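Novice: fold the following and give me the result.
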Amino acid sequence: MKLYPDSKIYILCPGNVQTGGPESMHQLASVLSSFGLHVYMAYFPLNHSLFKKDSPVHDVYKKYHIPYVLEPEDRSQNIVIAPEANTWQLYIPKKIQRVIWWMSVDNYLKNIVDIFQYYIKNTLVGPMPNFFTFGTTDKNIEHWGQSEYVRQFLRLNGVTKIKTVETHMSQNFLSRSSLVDLTAKKNFVAFNPSKGFEITQYLMNIAPDIDWRPIENMTPAQVQKLLAEAKIYIDFGEFPGRERLPREAILSGCVVITGKRGAAANDVDVNIPAEFKFDMQAKPQDIIKKIRDVFDNFEREFDKQKDFREKELNAQKNFTAEVADAFGIKNLPSPTVALIQGVSEKNFLLAQELFKSKDFTPKFIVDDLLASTEIFDELILREQNRNYLRVGENFIEIITRDDAEFLYLEGRIKKFASLEPTIEELDAWKKFSADLLIFHS
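Specialist: Next up, the predicted model:
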């Protein structure tokens with residue numbers, strides 16, 4: 001894969017879907033955008049009329065402020081990145097550079113089964129779609145691995161060049177998890193009833209005195225609240241990749257107990273001591289004994305899982321470095337700046353000056369009212385339900401304060417700028433960012 005000054009990067013993603021995969025894809029787009037690259041979400045299905053609300057962007061991902069296209073531009077300098085479950089879409093364009101981002105072994109295998117079943121059932125519909133298979137001549141496809149489990153799978157199938165690209169937990173989760181009070185932990189076990197429940201059910205039957213609490217029919221905030229109170233999270237599921245809930249649990253101060261299936265079988269993806277992992281032949285009484293031991297000696301057992309916790313705490317920084325390495329990026333652009341005093345004549349003039357500077361790049365203006373209003377003006381461009389201020393030949397996107405805080409935590413906004421802010425404004429912005437530039441008019 002080679003990156004050119006005019007390269008456009010397209011990330012294939014299901015539209016109007018909120019799961020771990022699409023979140024990872026938006027995180028990737030966010031990092032690439034922070035590098036100053038031309039990145040777009042390419043939502044599928046590509047027929048725009050099929051999307052709900054006439055937009056493919058799920059409400060949860062609008063805060064990333066990533067532009068989208070309905071079809072990648074098929075040019076040799078452009079790059080398309082596809083999840084392993086949708087490799088057939090890599091064969092629609094002919095010239096573009098291609099990357100498969102492997103997040104789950106199971107999703108890839110399931111996709112192959114689904115394609116064959118559909119083809120057998122509908123043989124008269126047309127030819128079976130092409131998709132990536134091992135041992136073919138697709139030597140020009142680059143492979144990224146989201147987990148050690150995936151990388152082992154690829155190596156076993158003859159792929160030798162694999163780049164590590166592993167995402168991190170969401171900013172909302174990380175912000176809340178930093179507030180967890182370990183002294184408030186309670187003696188109960190949290191579990192996901194859709195993951196290895198046959199084992200969990202047996203444990204519940206032989207130890208009915210233990211407080212077992214399922215994670216089901218909950219909002220993300222409710223899940224995090226439960227994990228923040230639990231001392232233990234157990235998961236005896238298949239672990240097709242870097243499962244989200246065990247990572248949420250470790251960051252929420254839980255002691256994590258798993259089986260030895262999939263990604264949990266190696267010491268890289270779930271790097272907890274062996275005493276917290278149990279294979280299918282383990283005695284249930286041994287698992288119960290470990291649970292009671294954690295209840296009675298929580299601080300000691302909590303400290304044993306320090307490596308797993310630190311790995312997830314550093315995941316965002318590592319992810320940024322891994323993406324830069326995957327694209328061969330060594331020199332990052334000048335820091336992006338958001339103007340915090342809204343759309344005004346002074347900010348317009350400040351933006352003009354910043355565009356002339358090599359030290360900073362103005363990308364956003366924070367204005368809650370204009371960001372959420374359908375406005376059409378000669379100085380305002382409205383595109384994909386977002387507003388942009390025209391500054392000469394340049395455009396600055398207008399965003400809300402909440403989105404500005406999110407993009408700051410994402411690393412997309414490096415600094416904020418203002419023309420002589422009031423004391424109240426200074427106090428309000430310094431609550432979450434000390435990176436405030438003050439210019440004088």
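
Novice: when you work out contacts or count neighbours from here on, use the C-alpha atoms and nothing else.
Specialist: Noted.

Novice: which residue ranges of the stretch 151-300 of the chain form helices?
Specialist: Ranges of helices within the stretch 151-300 of the chain are 171-177, 197-206, 220-229, 244-251, 284-296, 298-304, based on DSSP state H, counting those that start in this stretch.

Novice: counting contacts, what elements does the fourth one pack onto?
Specialist: Looking back up the chat, that one is helix 244-251. helix 171-177, helix 220-229, strand 230-235, strand 255-258, helix 306-313 (3 or more C-alpha pairs under 8 Å, 6 or more residues apart in numbering; DSSP states H and E).

Novice: pick the most buried one from the helices of the stretch 151-300 of the chain.
Specialist: Comparing these by mean neighbour count (mean count of other C-alpha atoms under 10 Å), helix 244-251 ranks first with a mean of 22.

Novice: and this protein, what are its domain boundaries?
Specialist: 8-164, 171-313, 336-439 (automatic domain parsing).

Novice: mind putting these in CSV, distance to residue 328 and mean pLDDT included?
Specialist: As requested, the domains of the chain are exported to CSV (distance: least, C-alpha to C-alpha, whole Å; pLDDT from 0 to 100):
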stretch, distance to residue 328, mean pLDDT
domain 8-164, 11, 87
domain 171-313, 23, 94
domain 336-439, 19, 88
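
Novice: residue 327: which of those domains is closest?
Specialist: domain 8-164 (9.4 Å; C-alpha to C-alpha).

Novice: start and end of that closest one, how far apart?
Specialist: 22 Å (C-alpha to C-alpha, to the nearest Å).

Novice: hang on, the earlier thing: out of the helices of the stretch 151-300 of the chain, flag the one nearest residue 360.
Specialist: helix 171-177 (24.5 Å).

Novice: report the distance from that closest one to the chain centre.
Specialist: In terms of C-alpha atoms, centre = their mean, to the nearest Å, the centre of helix 171-177 is set 13 Å apart from its chain centre.

Novice: what packs against that helix?
Specialist: Helix 171-177 sits against helix 220-229, helix 244-251, helix 401-410, with contacts defined as 3+ C-alpha pairs under 8 Å, 6+ apart.

Novice: of those helices, which is nearest residue 22?
Specialist: helix 244-251 (12.9 Å).

Novice: name the single longest helix found in this structure.
Specialist: helix 105-121 (DSSP state H).

Novice: tell me the first helix or strand C-terminal of that helix.
Specialist: As assigned by DSSP states H and E, the chain's next helix or strand after helix 105-121 is strand 141-145.

Novice: and the contacts of that next one?
Specialist: 1, 97-103, 151, 161-166 (C-alpha atoms under 8 Å, 6 or more residues apart in numbering).

Novice: list the contacts of residue 161.
Specialist: Residue 161 makes contact with 142, 143 under the criterion C-alpha under 8 Å, 6+ apart.

Novice: one more pass at 10 Å, please.
Specialist: Residue 161 makes contacts with 142, 143, 144, 151, 154, 155, as judged by C-alpha atoms under 10 Å, 6 or more residues apart in numbering.

Novice: circling back to that earlier point, kindly reformat the helices of the stretch 151-300 of the chain as TSV and extend each row with distance to residue 75.
Specialist: Shown next, in TSV, are the helices of the stretch 151-300 of the chain (distance: least, C-alpha to C-alpha, whole Å):
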stretch	distance to residue 75
helix 171-177	34
helix 197-206	48
helix 220-229	40
helix 244-251	35
helix 284-296	55
helix 298-304	51
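
Novice: ok, which of those helices comes nearest residue 130?
Specialist: helix 244-251 (30.5 Å).

Novice: pull that closest one out as PDB, backbone CA atoms only.
Specialist: C-alpha atoms of helix 244-251 as PDB (Å, rounded to 0.1, in the frame of the first residue of the first chain):
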ATOM      1  CA  ARG A 244     -15.600  -5.800  24.200                       C
ATOM      2  CA  LEU A 245     -17.200  -6.700  27.500                       C
ATOM      3  CA  PRO A 246     -14.100  -8.300  29.100                       C
ATOM      4  CA  ARG A 247     -12.200  -5.100  28.200                       C
ATOM      5  CA  GLU A 248     -14.900  -2.900  29.600                       C
ATOM      6  CA  ALA A 249     -14.900  -5.100  32.700                       C
ATOM      7  CA  ILE A 250     -11.100  -4.800  33.300                       C
ATOM      8  CA  LEU A 251     -11.300  -1.000  32.900                       C
END
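
Novice: hang on, the earlier thing: turn the helices and strands packed on helix 171-177 into CSV, columns for distance to residue 276.
Specialist: Below are the helices and strands packed on helix 171-177 laid out as CSV (distance: least, C-alpha to C-alpha, whole Å):
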stretch, distance to residue 276
helix 220-229, 18
helix 244-251, 13
helix 401-410, 33
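
Novice: identify whichever of these lies nearest to residue 309.
Specialist: Going by C-alpha to C-alpha, the one of the helices and strands packed on helix 171-177 nearest residue 309 is helix 244-251, 5.7 Å.

Novice: would you agree residue 420 is in contact with residue 426?
Specialist: Yes: at 9.4 Å, residue 420 counts as touching residue 426 under the criterion of C-alpha atoms under 10 Å.

Novice: return every residue with contacts to both of these two.
Specialist: Contacts common to residue 420 and residue 426, judged by C-alpha under 10 Å, 6+ apart, are residue 438.
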